[in-house]
Structure formats: structure tokens, C-alpha cells
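# sequence first, then the predicted structure, then my questions.
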Amino acid sequence: MNAKFFPILLVLGLSQSVQGVQSLESELRKNGETVVAVFEEQRAVLQKSSAVIRDGRKELAYGVVISADGYILTKASEIAKISAISVTVDEAKFDNAKVVATDAAWDVALLKIEAQGLQPIQYASSSDIPQGTWVVANGATSGSRRRALPGIISAKPREIPAHGGAALGVVLKSKTKALEIEEVNEKSGAQEAGLQKGDVIVMIDGKNVSKIEEMAALMKDKKAGSTVKVTYKRAGKEDTVDVRLAAKGELFAQKSRNDQMSGDYSSRRTGFPRVIQHDVLGNKESTGGPLLNLEGLCIGMNIARADRAQSFAIPVEELKEIAARLMK
């Protein structure tokens, strides 16, 4: 059955359900076998033009195949610190995938595998589609076989600001005259850059800082995902490192009730210049792959599972620009 007839199927299921228990039978729900089978044409696109990114047997994320010779886009933060990345495209497995470029602002990484003859994703002409439009993304994969999951566009494209502003990911001592680090968040760019407890920050982007107020003034207009140069002193020696900024609210905030009900959401889910929002069911491992329309064309790349009702995708217009820039 073609996916374009799915609304009729759903209405029939609803009408049958109203006479009974007031809920759809499991196979007629969005992730049910009957519904998923309707989207076989889109699943076939995902099979050939999306990738599964793994660390050993652990599934980390999905990817978008953008060239026949093995370039793939994925979500950068889900593969950070992974030394041996493997990639499956269709049924072929490729070991030792290389991260060749990243875009911190969008949380996108460009991978390269040694392959030829892959089937790149086909881009839609626009992401400007109405709310309520059906879309399809990767669901759980069974080893080598992709699974399609449907949903709808649930909000207008918009910016998702960094929750709480951008942060280095450090806690400073409060009763010292210098900006001495008391704690480094384990998920932060500060830890990635090698900053440690006891280090004293003396410059941000080449500007001297000695007070928290001075540091806050330099950081207030920074975006999560961007990078700053931090100069610090350790044991009398001075060094400078690039530190990726993260959303302050995601590094230090406690889980809300909605978060507790949302399951496994993305560690980075804010600080994006513009996103498409949809309600395809998933978790943080569902990110990185293409978001398709019913013609099987890519309208964006899934970049964050925000909570139980919201997933975000980079619109195709920005995705094409990111891909072209990283390929250079």
C-alpha cells in the first residue's frame, strides 16, 4: 500500500476503535507493523541512502550518505570520543570510518569511509512544508535492515536558542581573586580541551579576564556549539586551548518532569540556528539520519531528540550548505 493512502487507513482504524476500547490496536499505531509497512518506498530510500553508525555493536546514531565515494553526515556529539567508528550502508559494513570535518554550531560531523558506488540521498527543493505534513525517518535497525517510522511536521521552522546561554562547562571558585577552576563538567567542551581543577583562566579569545563579571561579559553573546580560545595557567605555565561551548542548561540543569517522562533524549538538544520540528518516535540514537517526505526526498537531517513529543531536523537548505562547506 502506498504511503499516500495512510490517512485513510488511520481513519478506518480510528472508526473501528471508537466502537470498542477507544484506542487503536497496536498494529495500527504509528509504530505498528501495519502502519510501518505502508512506508516501504521510503524505507527503501533509507536502506540505500542512510547509514548506521556504531561503536562495536553499540548503535550510536544514523547518517546521511551525501556522495557515492563514501562521505556521510551525522550528529557530531553522538560520536565524540569514539576511537573506532564503524558504518553500515545498506548491508555493507565499513570499519575505521574517519571524522574529516565538523561544524560545532550545527553539531554535524562529516565521516569518510572507503567505498564506491553508494547511492547519495536526493534533496528536496525546499523544507517549507505545512504543519501536519507526513514525514519519515529511521526507526530501530535490525542488524543490516533499516526500519521506517512515520510522523508529522508539528511546528513551524524556528531557532532553538541555547538553554541558559552558552557555557565553557566549568565551575569557578567563589572566594578567590583569580578565575580558578573548581570543577569541570564531564560532558563539556572544557573537559574535551583538557582543562582541569586548579587551572586559572587568564584570557578569553585573547582578552584578559580576572573577574567573573569580565568573563560573563565576553561570553554573553556566544552561541552554544561555537568555539572560544581559553588561555589558562597551570603550575606556573601558560597554555591556550580551543573550547567548544555547550548550552548551560544542558550541562548543569536537573531533569524536569517532562524530561523524566521523555526517555533517552539527546545530550545536545538546543542551540541550533534553525530547525524543522516533527513527532517521529525515537531516541538519541535516532539522530543523524535523513528526514524524508512521501516522495522519498530529503527535507532535512535529524539532529536532536528533544523530548517525548519533539524531534528536530536541520532544514534541507542549511543541510546542503553545511555539506558543501565541510566537503571542502
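Received the coordinates, thanks.
# what's the spacing between residue 139 and residue 124?
21 Å (Cβ to Cβ, to the nearest Å). C-betas here are computed from N, CA, C, even on glycine.
# settle this for me: residue 284 is touching residue 264, isn't it.
Yes: using Cβ atoms under 8 Å, residue 284 is in contact with residue 264, at 5.2 Å.
# so who does residue 296 touch?
41-42, 44-45, 122 (Cβ atoms under 8 Å, 6 or more residues apart in numbering).
# ramachandran coordinates for the closest residue to residue 310 other than its chain neighbours?
Leaving aside its sequence neighbours, residue 310 sits nearest to residue 277 (Cβ to Cβ, 6 or more residues apart in numbering; 5.8 Å). Residue 277 has phi and psi values of phi -110, psi 140 when expressed as degrees, to the nearest 10.
# and residue 318, by the same measure?
phi -70, psi -40.
# skipping adjacent residues, who's closest to it in space?
That would be residue 274: by Cβ to Cβ, 6+ apart, it lies 6.3 Å from residue 318.
# the one you found: neighbour count?
16 (other Cβ atoms under 10 Å).
# now do the one 4 residues further on
The burial count assigned to residue 278 is 26, neighbours taken as other Cβ under 10 Å.
# isn't it right up against residue 152?
Yes: at 6.4 Å, residue 278 counts as touching residue 152 under the criterion of Cβ under 8 Å.
# ranges for the helices of the stretch 201-328 of the chain?
Assigned by DSSP state H, counting those that start in this stretch, the helices in the stretch 201-328 of the chain fall at 212-219, 248-252, 257-261, 316-327.
# as TSV, those helices with mean neighbour count, distance to residue 234 and mean pLDDT would be great.
Shown next, in TSV, are the helices of the stretch 201-328 of the chain (neighbours: other Cβ atoms under 10 Å; distance: least, Cβ to Cβ, whole Å; pLDDT from 0 to 100):
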stretch	mean neighbour count	distance to residue 234	mean pLDDT
helix 212-219	14	18	90
helix 248-252	20	22	78
helix 257-261	11	36	54
helix 316-327	17	33	97
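# could you dump those to a markdown table with distance to residue 98?
Supplementary listing: the helices of the stretch 201-328 of the chain in a markdown table, determined by distance: least, Cβ to Cβ, whole Å:
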| stretch | distance to residue 98 |
| --- | --- |
| helix 212-219 | 33 |
| helix 248-252 | 28 |
| helix 257-261 | 34 |
| helix 316-327 | 13 |
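# and stretch 140-154, how far apart are its ends?
22 Å (Cα to Cα, to the nearest Å).
# list the contacts of that stretch.
With Cβ under 8 Å, 6+ apart, stretch 140-154 has contacts from 3, 6, 30-31, 35-36, 38-40, 42-43, 46-47, 50, 52, 59, 88, 90-91, 129-139, 276-282, 309-311.
# which residues touch residue 123?
Contact analysis of residue 123 by Cβ under 8 Å, 6+ apart lists 297-298, 316, 319-320.
# try 10 Å
Neighbouring residues of residue 123 by Cβ atoms under 10 Å, 6 or more residues apart in numbering: 64, 66, 290, 297-300, 316-317, 319-320, 323.
# relative to residue 158, which of those residues is nearest.
Closest approach between the contacts of residue 123 and residue 158, by Cβ to Cβ: residue 300, at 13.3 Å.
# do you know how far that closest one is from residue 34?
In terms of Cβ to Cβ, residue 300 sits 27 Å off from residue 34.
# counting neighbours, go ahead and name the busier of those two.
Shown here are residue 300 and residue 34; by other Cβ under 10 Å, residue 300 has more neighbours (28 against 15).
# what are the ranges of the strands in the stretch 201-328 of the chain?
Here the stretch 201-328 of the chain has its strands, by DSSP state E, counting those that start in this stretch, at 207-208, 227-234, 237-244, 246-247, 272-278, 290-292, 298-307, 310-315.
# and the stretch 1-150 of the chain, by the same measure?
For the stretch 1-150 of the chain, the strands defined by DSSP E, counting those that start in this stretch occupy 50-55, 58-65, 71-75, 85-89, 92-103, 108-112, 134-138, 148-160.
# which of the ones you listed sits most buried?
Across the strands of the stretch 1-150 of the chain, the average number of neighbours (mean count of other Cβ atoms under 10 Å) peaks for strand 71-75, which reaches a mean of 28.
# pretty sure residue 280 is touching residue 135, no?
Yes: when contacts are counted by Cβ atoms under 10 Å, residue 280 is listed as touching residue 135 (6.7 Å).
# got any residues that touch both of the two?
Joint contacts of residue 280 and residue 135 (Cβ under 10 Å, 6+ apart) are 149-152, 154, 291, 302, 311, 313.
# any idea which of these is closest to residue 195?
Distances from residue 195 to those, taken by Cβ to Cβ, are shortest for residue 302, at 31.2 Å.
# so who does that closest one touch?
50, 61-62, 64, 74-75, 135, 137-138, 266, 275-276, 278, 280, 282, 286-291, 311-314.
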